[in-house]
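J.: no sequence on this one, just coordinates:
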Ligand SMILES: NC(=O)C1=CN([C@@H]2O[C@H](COP(=O)(O)OP(=O)(O)OC[C@H]3O[C@@H](n4cnc5c(N)ncnc54)[C@H](OP(=O)(O)O)[C@@H]3O)[C@@H](O)[C@H]2O)C=CC1
Ligand SMILES: CC(C)(CO)C(=O)C(=O)O
């Protein structure tokens, strides 16, 4: 990269999270953001009017958008922000644009980095607590701020300088981000929180704050946390914060947010239950810890999904 060249960042999946990260990065001088998303009206609106952020921030940023990742130029950095079910397709379609890029997953759950590394050379683990939802073509509502953590994906790591560069650009754009040497702790800490709260929201229709403040549901949240924490302990994964603290923070900062799994249920899309509670259950089997509560969540959410096919 020459000194005066823009830093080009590709964003794959320009939904809630892709839009928030694309818009914040696009307002950093010297950064050019290219988003790929199949939704034609959204892409057309972004190209025409820019990407508008409402809610916790209010600005519009110039983002290039395309419906096909094969139309993106060569980029230095990539952000994968599709749902996990679409990770493999998204990176495969973007393989030319990202052939020499360092690429991060900002998705929830486990297993996305492995899929990205199956196609692309240098990968980062990313964990984000930022929350939002797309409210119409070209517009994303920023529901709750939150830190992001970026670190190497051990089998095919991005270079430390690339991780620091992306963290610096996100910080300059207004999203507080930490470059860390080992991102597994933050990632599993978020997985535990999501797996303890998102399926309960998805099954009841309640926001994250409502789930965490309803005494009966909160008791289930605690059971799910205890089971997941036992799996992490047996697997040698060190959580970076007490999940109970994350629950309190969600009540304070994101009370009215509908978790992305609830957004999926409301839109009758397949959820990420398999990479959240399913990921914990798989790890539990690997290390010999039973996970009946997470198994129940997987069965219930999968049952809900299959009811749509049968309706
Ligand atoms: N929403 C939130 O507040 C949070 C979400 N997350 C995580 O972030 C990730 C993204 O979630 P979210 O932004 O909510 O999801 P959205 O559904 O809002 O956005 C995903 C976007 O990716 C698009 N897409 C699907 N397939 C492809 C493809 N092959 N190439 C490019 N784009 C594609 C989707 O289009 P289409 O709809 O047509 O399929 C959609 O527009 C998930 O892992 C989620 O768990 C993490 C923290 C908070
Ligand atoms: C923002 C948060 C933490 C809410 O549960 C989330 O990860 C999601 O919506 O999936």
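T.: It's in. Bear in mind the structure is a predicted one, so any value in this text is a computation, not a measurement. Ligands and ions are numbered 1, 2, ... in the order given.
J.: what's the neighbour count on the nearest residue to residue 82 once chain neighbours are set aside?
T.: Excluding its sequence neighbours, the residue lying closest to residue 82 (C-beta to C-beta, 6 or more residues apart in numbering) is residue 13, at 3.3 Å. Quick note: C-beta positions are derived from backbone N, CA and C, even for glycine. Neighbour count of residue 13, defined by other C-beta atoms under 10 Å: 25.
J.: near ligand 2, which residues of the protein show up?
T.: Counting by C-beta under 6 Å from any ligand atom, the residues of the chain close to ligand 2 are 108, 129, 131, 194, 197-198, 208, 254, 257, 259-260.
J.: need the residues of this structure near ligand 1, please.
T.: Within the chain, the positions lying close to ligand 1 (C-beta under 6 Å from any ligand atom) are 12-18, 36-39, 69, 81-84, 86, 89-90, 93, 107-108, 128, 131-132, 134, 260, 272.
J.: excluding its backbone neighbours, what's nearest the residue nearest the centre of the chain?
T.: Note on the chain: the residue nearest the mean C-alpha position is residue 107, at 2.5 Å, using C-alpha atoms, centre = their mean. Once flanking residues are discounted, residue 107 sits nearest to residue 84: 5.6 Å by C-beta to C-beta, 6+ apart.
J.: For the one you found, give me the pLDDT.
T.: Residue 84 is assigned a pLDDT of 97 by the prediction.
J.: can you offset everything so residue one is 806?
T.: I'll keep to 806 as the first residue from here, and by that count the last item is residue 889.
J.: That one - how many residues pack around it?
T.: The number of residues packed near residue 889 is 22, by other C-beta under 10 Å.
J.: Report the separation between it and residue 999.
T.: 12 Å (C-beta to C-beta, to the nearest Å).
J.: Between the two, which contacts overlap?
T.: With contacts taken as C-beta atoms under 8 Å, 6 or more residues apart in numbering, residue 889 and residue 999 have 913-914 as neighbours in common.
J.: Hmm, residue 891 and the residue nearest to residue 887 touching each other?
T.: Yes: contact criterion C-beta atoms under 8 Å: residue 818 and residue 891 qualify, at 6.7 Å.
J.: For the closest residue to residue 861 other than its chain neighbours, name its beta-bridge partners.
T.: Sequence neighbours aside, residue 947 is the residue nearest to residue 861 in space, at 4.0 Å (criterion: C-beta to C-beta, 6+ apart). Bridge pairing for residue 947 (DSSP bridges) gives the partners residue 860, residue 937.
J.: Contact partners for residue 947?
T.: With contact set as C-beta under 8 Å, 6+ apart, residue 947 has these partners: 825, 858-862, 935-937.
J.: If you tally nearby residues, what's the number for the residue in the stretch 906-1055 of the chain that ligand 2 sits nearest to?
T.: Evaluated by C-beta to the nearest ligand atom, the stretch 906-1055 of the chain has residue 936 as its residue closest to ligand 2, separated by 3.3 Å. When neighbours are defined as other C-beta under 10 Å, residue 936 has 25 of them.
J.: which residues does it contact?
T.: For residue 936, the contacting residues are 821, 947-949, 951, 1059, 1062, by C-beta under 8 Å, 6+ apart.
J.: Where strands are concerned, which of those residues count?
T.: 947-949 (DSSP state E).
J.: any chance of those in a markdown table, with pLDDT too?
T.: Converted to a markdown table, the ones in strands among the contacts of residue 936 look like this (pLDDT from 0 to 100):
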| residue | pLDDT |
| --- | --- |
| 947 | 97 |
| 948 | 94 |
| 949 | 91 |
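J.: show me where this structure has helices.
T.: 821-831, 845-854, 892-898, 917-922, 965-978, 989-1009, 1013-1018, 1020-1040, 1048-1058, 1065-1071, 1082-1092, 1097-1115 (DSSP state H).
J.: what's the angle from the second one to helix 821-831?
T.: Counting by axes from the mean of the first three to the mean of the last three C-alpha atoms, to 10 degrees, helix 845-854 lies at 10 degrees to helix 821-831.
J.: buried ones in helix 845-854?
T.: For helix 845-854, the buried set under the neighbour-count rule, 16 or more other C-beta atoms under 10 Å, comprises 847-848, 850-852.
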